[in-house]
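Asks: The following comprises the amino acid sequence and a computationally predicted model.
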Amino acid sequence: MQVAPATENVRTKEPDILGFFISQDPADLCVFTTYERFAYQGAMDRHNNSDVVARFFGIAQPILDGEVTLMTCREVSLKA
């Protein structure tokens, strides 16, 4: 699965995303984790409801081996 277009879209069109990371599990190359930091709740809502995210899940959903696990967390510590 090509993930670079998602990262490029965030970089160029979503300035209120403070951090966007896609990691691949070295023990299972089919497992990916994303970590996203938003400036405020509205930025997260706009991103999660965007056409780009809908397009990604439209492509990814049929080829996924299991359910997508989404967690929305409150950041409690940061090393800048």
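Replies: Okay, I see it. Numbers count the residues shown, from 1 in each chain.

Asks: what kind of secondary structure is the spatially most central residue of the chain in?
Replies: Nearest to the geometric centre of the chain sits residue 34, at 4.7 Å (Cα atoms, centre = their mean). Here residue 34 is recorded as strand under DSSP: H, G, I helix; E, B strand; the rest coil.

Asks: so where's this structure shaky on pLDDT?
Replies: For the chain, residues meeting the criterion pLDDT under 70 lie at 1-3.

Asks: That one: strands as residue ranges?
Replies: Using DSSP state E, the strands of the chain run over residues 17-24, 32-38.

Asks: Tell me which strands the longest one pairs with, and in which orientation.
Replies: Strand 17-24 sits in its sheet next to strand 32-38 (antiparallel), going by DSSP bridges.

Asks: Check what contacts stretch 20-38 and list those residues.
Replies: By Cβ atoms under 8 Å, 6 or more residues apart in numbering, the list of residues contacting stretch 20-38 from outside reads 1, 3, 6-7, 10-11, 16-19, 44, 47, 65, 75. From N, CA and C alone the C-beta is placed, and that goes for glycine too.

Asks: run the last query once more with 10 Å
Replies: 1, 3-4, 6-7, 9-11, 14, 16-19, 43-48, 60, 63-66, 69-70, 72-73, 75, 78 (Cβ atoms under 10 Å, 6 or more residues apart in numbering).

Asks: Filter these down to just the buried residues.
Replies: Those of the contacts of stretch 20-38 that meet the buried threshold are 6, 9-10, 14, 17, 43-44, 47, by 16 or more other Cβ atoms under 10 Å.

Asks: how about these in TSV, adding distance to residue 54?
Replies: Formatted as TSV, the buried ones among the contacts of stretch 20-38 follow (distance: Cβ to Cβ, whole Å):
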residue	distance to residue 54
6	12
9	12
10	15
14	15
17	17
43	17
44	15
47	11
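
Asks: What about these, which are in helices?
Replies: Within the buried ones among the contacts of stretch 20-38, residues falling in helices by DSSP state H are 6, 9-10, 43-44, 47.

Asks: if I look at residue 63, how far off is residue 13?
Replies: Relative to residue 13, residue 63 is positioned 25 Å away (criterion: Cβ to Cβ, to the nearest Å).
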